[in-house]
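Asks: what follows is a predicted structure for the sequence shown.
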Amino acid sequence: MSRATCLVGIGKIALDQHVPALSSSPDFHLACTVSRNGHVPGVPAHASLEAALAAHPEVELVSLCLPPVPRFAAAEAALLAGRHLMLEKPPGATLAEVHALQAMAEARGLSLYATWHSRMARAVAQAKAWLSGREVTRARIDWREDVRKWHPGQDWVFEPGGMGVFDPGINALSILTEILPRPVHLTAAVLQFPANRQTPIAAELTFTGGVSAGFDWRQEGPQTWDIVVDTADGARMALRMGGNVMEVDGVPVAGEADIMGEYPALYARMAGLLVAGTSEVDLSPMVHVADALTLGRREVVEPFHF
Ligand code: NAP
C-alpha cells in the first residue's frame with residue numbers, strides 16, 4: 001500500500017533528497033506540496049498546510065522539510081488534522097517543542113518520527129555492532145564543512161534557533177549517540193560566533209568518557225566528516241564520509257561513499273512505524289547541542305557573509 005504524503009518546505013533538502021526518495025518509495029507517494037515559493041513539477045502545490053490538507057483528505061503522512069524555527073506551527077497543524085508526521089533534523093527549535101509534539105501525537109494515536117538521516121548512513125549499524133560490548137577509551141569527532149556549499153544564502157542558520165554549525169554538527173552527534181555503548185554527557189564547550197551573527201560558526205566540545213568534537217563551517221575544498229573511536233582492546237574504529245565508510249585499524253571493512261541511501265531508509269523506517277502504530281523520537285543528539293549552548297564559552301570571530 002502506498003500512502004499519500006504532503007511535503008512541506010520545498011527547498012534544498014526537499015528537492016535534493018525527499019522528492020527522489022518518495023519517487024522510489026514502495027510505501028509512500030507525493031500527493032501535494034506546501035511552500036511559499038518552491039514547487040515540484042506535476043504535483044499539486046498549496047500555499048498553506050491547512051489548504052493542502054483540506055484539499056487532500058487522502059494524505060496520511062505530512063513530512064516537514066522546513067527550517068527548525070517555523071516547523072512547530074506546521075507540525076502542530078498536521079497532528080491536529082489527524083495526520084502522521086515526519087520531522088527533518090533537528091526535530092525542533094527547542095526540546096520543549098518536541099516534547100509537546102510527542103504528547104500531541106500520543107494523545108491522538110498518531111505516529112511521530114523525528115528523523116536523523118545520518119543514522120541511516122551505510123556503515124553506522126556495523127559500527128554500532130562492532131562497538132557493542134567493547135569499552136571506549138577515547139572518541140574524536142571532526143566535522144568540518146563549507147556552509148556556503150551546503151546552505152547557500154540560507155541566513156536562517158545564523159538566526160536564533162538556526163543552530164549555526166550545530167545544524168551539521170548534530171548529524172555527527174546523532175551517529176555518536178547511536179553507536180556508543182554507554183551514553184556520555186557534555187562538560188565544556190567553546191563556541192565561535194561571527195561578530196555579525198547570532199549562532200556559532202565553529203565549536204569545540206568536551207564530553208565525559210574521553211569524547212570530544214570539533215565542528216567548523218569554514219572548511220573549503222574536501223569536506224571532513226570523521227568519527228574515530230579507540231577501544232580498550234587496542235583497536236581503532238573510524239567512521240568516515242559522514243558514517244558511510246567504516247575502517248578498523250585503517251582498513252575499510254564496511255560501507256561505501258554514497259549518501260543517497262539515507263532518505264529512502266528514513267521513509268522505510270516511517271512505514272515500519274505506521275505498521276507498528278508507534279513513534280520514534282530520540283532527542284539525545286539535541287540535548288548535547290542544548291547543553292553546549294548552555295555551557296559554552298563564547299569567542300567572537302570575524303564577521304561572516306555568504
Ligand atoms: P531551506 O532550503 O532554506 O528551507 C526549506 C524551505 O523551507 C525553503 O525553501 C522555504 O520554502 C521554507 N522556509 C524557509 N524559511 C521559512 C520560514 N521562516 N517560514 C516558512 N517557510 C520557510 O533549508 P534546507 O537546507 O532544505 O533545510 C531544511 C531542513 O533540512 C533543516 O532543518 C536542515 O537541517 C535539514 N537538512 C538540510 C540539509 C542540507 O544539505 N541543506 C541536509 C539534511 C538536512 P518557501 O520559500 O517555498 O516557503
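Replies: That came through, no problem.

Asks: stretch 248-259 vs the ligand: in contact?
Replies: No - Stretch 248-259 does not reach the ligand (Cβ under 6 Å from any ligand atom); its nearest approach is 9.4 Å. Yep, even glycine has a C-beta here, placed from its N, CA and C like the rest.

Asks: wait, isn't residue 217 in contact with residue 147?
Replies: Yes - using Cβ atoms under 8 Å, residue 217 is in contact with residue 147, at 4.0 Å.

Asks: show me where pLDDT drops low in this protein?
Replies: 259 (pLDDT under 70).

Asks: one more time with 80, if that's ok
Replies: In the predicted model, the chain carries pLDDT under 80 at residues 257-260.

Asks: report the central residue of it.
Replies: residue 89 (3.1 Å; Cα atoms, centre = their mean).

Asks: my guess is that one contacts residue 170. True?
Replies: Yes - applying Cβ under 8 Å, one finds residue 89 in contact with residue 170, separated by 6.3 Å.

Asks: intersection of neighbour lists for the two?
Replies: Shared contacts of residue 89 and residue 170 (Cβ atoms under 8 Å, 6 or more residues apart in numbering): residue 285.

Asks: part of a helix, is residue 287?
Replies: Yes - counting by DSSP: H, G, I helix; E, B strand; the rest coil, residue 287 is found in a helix.

Asks: residues near residue 29, how many?
Replies: When neighbours are defined as other Cβ atoms under 10 Å, residue 29 has 13 of them.

Asks: quick check: bridge partners of it?
Replies: The partner list for residue 29 in beta bridges (DSSP bridges) reads residue 4.

Asks: which ones are touching it?
Replies: With contact set as Cβ under 8 Å, 6+ apart, residue 29 has these partners: 2-5, 22.

Asks: list buried residues within those.
Replies: Buried by 16 or more other Cβ atoms under 10 Å: 3-5, 22, out of the contacts of residue 29.

Asks: rebuild those residues as TSV, extending it with distance to the ligand.
Replies: Converted to TSV, the buried ones among the contacts of residue 29 look like this (distance: Cβ to the nearest ligand atom, whole Å):
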residue	distance to the ligand
3	21
4	21
5	16
22	15
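
Asks: first-to-last residue distance for stretch 176-188?
Replies: End-to-end span of stretch 176-188 (Cα to Cα, to the nearest Å): 17 Å.

Asks: typed the wrong thing, it's stretch 117-130
Replies: 20 Å.

Asks: can you list the buried residues in it?
Replies: Neighbour counts using 16+ other Cβ under 10 Å place 117-127, 130 of stretch 117-130 among the buried residues.
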